[in-house]
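>>> Predicted structure and sequence below. I'll ask about it afterward.
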Amino acid sequence: MGAVTTALIAIVAVALGWCTIEIACKPCLERGREAIDRNLNPDYDSDEQTTTTAADLHAPLNPPKAEDDAAASSTAAKSI
């Protein structure tokens, strides 16, 4: 009877541990599972993506300057 009780407690502990990890790491696990599903899908083509990602919505850190802005800033520095 003691062995059955010990086995039952161990099984419940493993199940509770699994649920805890699933709840705590849910966003990361969902992204990983989506990536696995995409890689295993023979109809998926990454070249045909049309969705806008968060990286597409952000401005670059160092946007290219226009030639007029560069000339104006260098002229101001020379006049001092």
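Received it, and whenever you're ready, just let me know what you need. Residues are numbered from 1 along each chain as shown.

>>> in what helix or strand does Tyr44 lie?
Applying DSSP states H and E as the criterion places Tyr44 outside every helix and strand.

>>> Now it: closest residue in space, sequence neighbours ignored.
The shortest distance from Tyr44 to any non-neighbouring residue, by Cβ to Cβ, 6 or more residues apart in numbering, is to Arg38 (5.0 Å). Where C-beta positions appear, they are placed from N, C-alpha and C, glycine not excepted.

>>> secondary structure element for the one you found?
Assigned by DSSP H and E, Arg38 falls in helix 26-40.

>>> Could you do Ala13 as well?
Element membership of Ala13, judged by DSSP H and E, is helix 2-24.

>>> Which elements pack onto that helix?
The contact analysis (3 or more Cβ pairs under 8 Å, 6 or more residues apart in numbering; DSSP states H and E) places helix 2-24 against no helix or strand.

>>> Could you tell me the angle between it and helix 26-40?
If you take axes from the mean of the first three to the mean of the last three Cα atoms, to 10 degrees, helix 2-24 sits at 80 degrees to helix 26-40.

>>> can you dump the C-alpha coordinates of helix 2-24 into PDB?
The C-alpha coordinates for helix 2-24 follow below in PDB (Å, rounded to 0.1, in the frame of the first residue of the first chain):
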ATOM      1  CA  GLY A   2       2.900   2.400   0.700                       C
ATOM      2  CA  ALA A   3       4.300   1.900  -2.800                       C
ATOM      3  CA  VAL A   4       1.000   2.700  -4.400                       C
ATOM      4  CA  THR A   5       0.700   5.900  -2.300                       C
ATOM      5  CA  THR A   6       4.200   6.900  -3.200                       C
ATOM      6  CA  ALA A   7       3.600   6.300  -6.900                       C
ATOM      7  CA  LEU A   8       0.400   8.300  -6.800                       C
ATOM      8  CA  ILE A   9       2.000  11.200  -5.100                       C
ATOM      9  CA  ALA A  10       4.900  11.200  -7.600                       C
ATOM     10  CA  ILE A  11       2.400  11.200 -10.500                       C
ATOM     11  CA  VAL A  12       0.500  14.100  -9.100                       C
ATOM     12  CA  ALA A  13       3.700  16.000  -8.400                       C
ATOM     13  CA  VAL A  14       4.800  15.500 -12.000                       C
ATOM     14  CA  ALA A  15       1.400  16.600 -13.400                       C
ATOM     15  CA  LEU A  16       1.400  19.800 -11.200                       C
ATOM     16  CA  GLY A  17       4.900  20.600 -12.200                       C
ATOM     17  CA  TRP A  18       4.000  20.200 -15.900                       C
ATOM     18  CA  CYS A  19       1.000  22.500 -15.400                       C
ATOM     19  CA  THR A  20       3.100  25.100 -13.600                       C
ATOM     20  CA  ILE A  21       5.700  25.200 -16.400                       C
ATOM     21  CA  GLU A  22       3.000  25.500 -19.100                       C
ATOM     22  CA  ILE A  23       1.300  28.400 -17.300                       C
ATOM     23  CA  ALA A  24       4.600  30.200 -16.500                       C
END
